[in-house]
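# Please work out how this folds:
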Amino acid sequence: MPQSEEARELELGEEQEEFGELVRYTLAGYVGGLVLGGLLDYLGFQQSAVGQWLVRTLSGEGESLFEGLYALRKRVSRSEVGMAEAYGWGKFIGMTVPWWIDWASRILGVDVYGVQGFYIPYFYAMSDQIGANISGLLFLRRQSDSWGEALAGYVRHPVMLTSLLVILAVPVGLFLARSLGFSPSTQVLTALEMIASNLCWVPPAVGWLWERQEK
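Next comes the predicted model:
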């Protein structure tokens, strides 16, 4: 039975609100990371490993914390699972991966401030995005009759394609920046590096614009 125009507008309005919330969560993480970085620098903890972990978590993954709470709220309300919720769960689940990568790299003696350590901020910025992309694909598979149909939906979905592009582009930018001499030698610089590489707001923004255009 064809979906009524009223039902379609309601659905699009809800999706637009969901993706708009995800964008706001990202901005909140940026601000939190900068404020914490400035405070730690002021207190003399410019190169504290624990401080960098906290700053990177807020700047690069702060939105994942908020999105996890958002997904939990949606589950508690027992509302129908949407793409934005699946996206949020994926980001929340994937956010702990860079913590282990960061600390293992330090234990192994990797220069976390030089070129060879460029992958550390990448995983802080993109591990949740990778999780979101996989979660989104699995969501499409559950809504489809086959993997072929799910993949066809994936390549037609602007949020999924934008997410994949961001995942592939960010490590190149980080490597180039480190190669040109940038080093996160203070907590504020650490936060700025994370903000520049954490483009997780781009796919939700594309989704918001897409839904707005569809409406």
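# Toward the C-terminus, what is the element adjacent to the helix or strand of the chain with the lowest mean pLDDT?
In the chain, no helix or strand scores lower on mean pLDDT, DSSP states H and E than helix 83-94, which sits at a mean of 60. Helices and strands here follow DSSP states H and E; after helix 83-94, the next one along the chain is helix 97-107.
# Let me see the mean pLDDT of the host helix or strand of Ala125.
Ala125 belongs to helix 119-142 when assigned by DSSP H and E. Here helix 119-142 scores 87 as its mean pLDDT.
# With stretch 189-207 instead?
Averaged over stretch 189-207, pLDDT sits at 89.
# what about that stretch, distance to the chain center?
Relative to the chain's own centre, stretch 189-207 is displaced by 7 Å; criterion: Cα atoms, centre = their mean, to the nearest Å.
# Quick check: buried residues in it?
Buried residues in stretch 189-207, counted by 16 or more other Cβ atoms under 10 Å: 189-207. (Glycine included, C-beta is placed from N, CA and C.)
# thinking again about what came up before, could you list the alpha-carbon positions for the helix or strand that the helix holding Ala125 is followed by in PDB?
As assigned by DSSP H and E, the chain's next helix or strand after helix 119-142 is helix 147-156. Taking Å, rounded to 0.1, in the frame of the first residue of the first chain, the C-alpha atoms of helix 147-156 are listed here in PDB:
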ATOM      1  CA  TRP A 147      23.200  -8.800   0.300                       C
ATOM      2  CA  GLY A 148      23.100  -7.700  -3.300                       C
ATOM      3  CA  GLU A 149      20.000  -5.600  -2.600                       C
ATOM      4  CA  ALA A 150      21.600  -4.200   0.600                       C
ATOM      5  CA  LEU A 151      24.800  -3.200  -1.300                       C
ATOM      6  CA  ALA A 152      22.700  -1.600  -4.000                       C
ATOM      7  CA  GLY A 153      20.900   0.500  -1.300                       C
ATOM      8  CA  TYR A 154      24.300   1.300   0.300                       C
ATOM      9  CA  VAL A 155      25.700   2.800  -2.900                       C
ATOM     10  CA  ARG A 156      22.500   4.800  -3.400                       C
END
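# Next, the angle helix 119-142 makes with helix 147-156.
With axes from the mean of the first three to the mean of the last three Cα atoms, to 10 degrees defining the directions, helix 147-156 sits at 130 degrees from helix 119-142.
# Residues touching the next helix or strand after helix 147-156, excluding its own?
On the C-terminal side of helix 147-156, the closest following helix or strand by DSSP H and E is helix 158-179. Applying Cβ atoms under 8 Å, 6 or more residues apart in numbering, the contact partners of helix 158-179 are 19, 83, 87, 114-115, 117-119, 121-122, 125-126, 129-130, 132-133, 136-137, 140, 154-155, 193, 196-197, 199-200, 202-204, 206-207, 210.
# pLDDT weak spots in the chain?
1-22, 64-94, 214-215 (pLDDT under 70).
# let's go with 50 and repeat that
1-3, 7, 10 (pLDDT under 50).
# Val110 - how many residues pack around it?
When counting by other Cβ atoms under 10 Å, one arrives at 16 neighbours for Val110.
# scratch that, Trp99 is what I was asking about
Trp99, neighbours per other Cβ under 10 Å, totals 16.
# show me the contacts for it.
Trp99 sits in contact with Trp53, Thr57, where contact means Cβ under 8 Å, 6+ apart.
# No further questions, thank you.
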